[in-house]
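Asker: A predicted structure for the sequence below; I have some questions about it.
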Amino acid sequence: MNVTDHGLVHALLAPAVERFAVKKLDEQDEVRDALDGYVRAYSFLSQVVDFGDVALEAADQRFFDQMEATWLGDPYLVAQARANPLENFRLVFADRFIKSIVERMDDNADIFGKILDEPAFQAVVMEHYLQRVFEGARREAR
């Protein structure tokens, strides 16, 4: 990136920075949280999706959406997320994560195989949903 590119980026971002600067602190925190969520989601997706492909296969995304709903609908997981910091919740979630994946293996054999056979993929998926379930459970408590 050269000096001209930096100037262009600055000019494009300046209006957003100005709008952010006049927001109340709690509104700035909401913006930061939204941006953080976007960055984490993009980071997750960039590890599991070939952006040369058009998009995630609908079946895979539906599977993950269903799993997230299952975890957020589990009263035990929700209670643990609300009562514990993330690192303690990780211990509970890791166990439920694998058990629920195995219970649903007939729903999508390909993604099931990838989760169980590729430890790096399993770690990325679990970390992504660990955060989403933890935050979703705590958000519902407010």
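Answerer: Thanks, I have the structure now. Residues are numbered from 1 along each chain as shown.

Asker: show me where this protein has helices.
Answerer: Counting by DSSP state H, the chain has helices at residues 3-21, 25-48, 58-72, 75-83, 86-103, 109-117, 119-141.

Asker: Columns mean neighbour count and mean pLDDT on top of those helices, output as CSV?
Answerer: All C-beta spots, glycine's among them, are computed from the backbone N, C-alpha and C. Listed next are these as CSV, based on neighbours: other CB atoms under 10 Å; pLDDT from 0 to 100:
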stretch, mean neighbour count, mean pLDDT
helix 3-21, 10, 77
helix 25-48, 12, 75
helix 58-72, 15, 83
helix 75-83, 16, 95
helix 86-103, 15, 88
helix 109-117, 14, 79
helix 119-141, 16, 86
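
Asker: Hmm, Val125 is touching Ile115, no?
Answerer: Yes: between Val125 and Ile115 there is a contact under CB atoms under 8 Å: 6.0 Å.

Asker: And the protein, split by domain according to the record?
Answerer: 1-52, 56-142 (automatic domain parsing).

Asker: Val125 and Met67: what is the separation?
Answerer: 9 Å (CB to CB, to the nearest Å).

Asker: Now do the contacts for the nearest residue to Phe97 once chain neighbours are set aside.
Answerer: Computed as CB to CB, 6 or more residues apart in numbering, the closest residue to Phe97 that is not its neighbour in sequence is Met126, at 5.1 Å. If a contact means CB atoms under 8 Å, 6 or more residues apart in numbering, then Met126 has 93-94, 97 as its contacts.

Asker: Also Gln61?
Answerer: Counting by CB under 8 Å, 6+ apart, Gln61 has no contacts.

Asker: Give me the distance between the closest residue to Asp110 other than its chain neighbours and Glu135.
Answerer: Leaving out its chain neighbours, the residue that sits closest to Asp110 by CB to CB, 6+ apart is Asp60, at 7.8 Å. Here the criterion is CB to CB. By it, Asp60 lies 22 Å from Glu135.

Asker: do the same with Asn84
Answerer: As judged by CB to CB, Asn84 and Glu135 stand 13 Å apart.

Asker: so Phe20 touches Asp29, yeah?
Answerer: No: using CB under 8 Å, Phe20 is not in contact with Asp29; the gap is 11.2 Å.
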